[in-house]
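> following is a predicted model, sequence given first.
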Amino acid sequence: MKFEQYLTENINDKIKKAGKLGTEAFEKGKKSVPAHDKDLMKLIKGLKVGEGATEIMGAWSKAWHKENLK
């Protein structure tokens, strides 16, 4: 497997996990502040600019707001 493919698959897994964390945060009554979610911050720790942190945090936020609109 090429490194780029590994990186893409790893980021996609993190995006899915972030969505679950966003849903869980809403269900627990937490505010829509991704940076306050310690588990989310662990997902992006060590990522460099352009390695998917924005997409990961966006997935968390999108999931939180989706639950809020139900």
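Arrived safely.
> contacts and neighbour counts: CA atoms only from here.
Noted.
> ok, A35 touching M41?
Yes: the pair A35 / M41 is scored as a contact, 6.5 Å apart, by Cα atoms under 8 Å.
> neighbour-wise, which of these two wins?
M41 (16 against 11; other Cα atoms under 10 Å).
> contacts only, for that one.
Contact analysis of M41 by Cα atoms under 8 Å, 6 or more residues apart in numbering lists A35.
> now do the SS call for it.
helix (DSSP: H, G, I helix; E, B strand; the rest coil).
> once you drop chain neighbours, what's closest to the residue nearest the centre of the chain?
Residue closest to the average C-alpha location in the chain (Cα atoms, centre = their mean): A18, at 2.8 Å. Nearest residue to A18, sequence neighbours excluded (Cα to Cα, 6 or more residues apart in numbering): W60, at 4.8 Å.
> hang on, the one you found packs against E24?
No: counting by Cα under 8 Å, W60 sits too far from E24 to count as a contact (9.6 Å).
> follow-up on the earlier one: for the residue nearest to the centre of the chain, give me its contacts.
L40, L43, I56, M57, A59, W60 are the contacts of A18 under Cα under 8 Å, 6+ apart.
> biggest separation within those residues, which pair?
Taking Cα to Cα as the measure, these span a maximum distance of 11.9 Å, between L43 and A59.
> compare the two and say which is more crowded by neighbours.
Per other Cα under 10 Å, whichever of L43 and A59 has more neighbours is A59, with 23 against 18.
> for I15, see how far away the more buried one is.
Separation of A59 from I15 (Cα to Cα, to the nearest Å): 6 Å.
> which parts of this structure are helices?
3-27, 38-44, 53-68 (DSSP state H).
> most tightly packed of those?
helix 53-68 (a mean of 19; mean count of other Cα atoms under 10 Å).
> give me the contacts around it.
The contact list for helix 53-68, computed with Cα under 8 Å, 6+ apart, reads 11, 14-16, 18-23, 25-26, 32-34, 40, 44, 47.
> mean confidence for stretch 42-58?
Summarised as a single mean, pLDDT over stretch 42-58 is 93.
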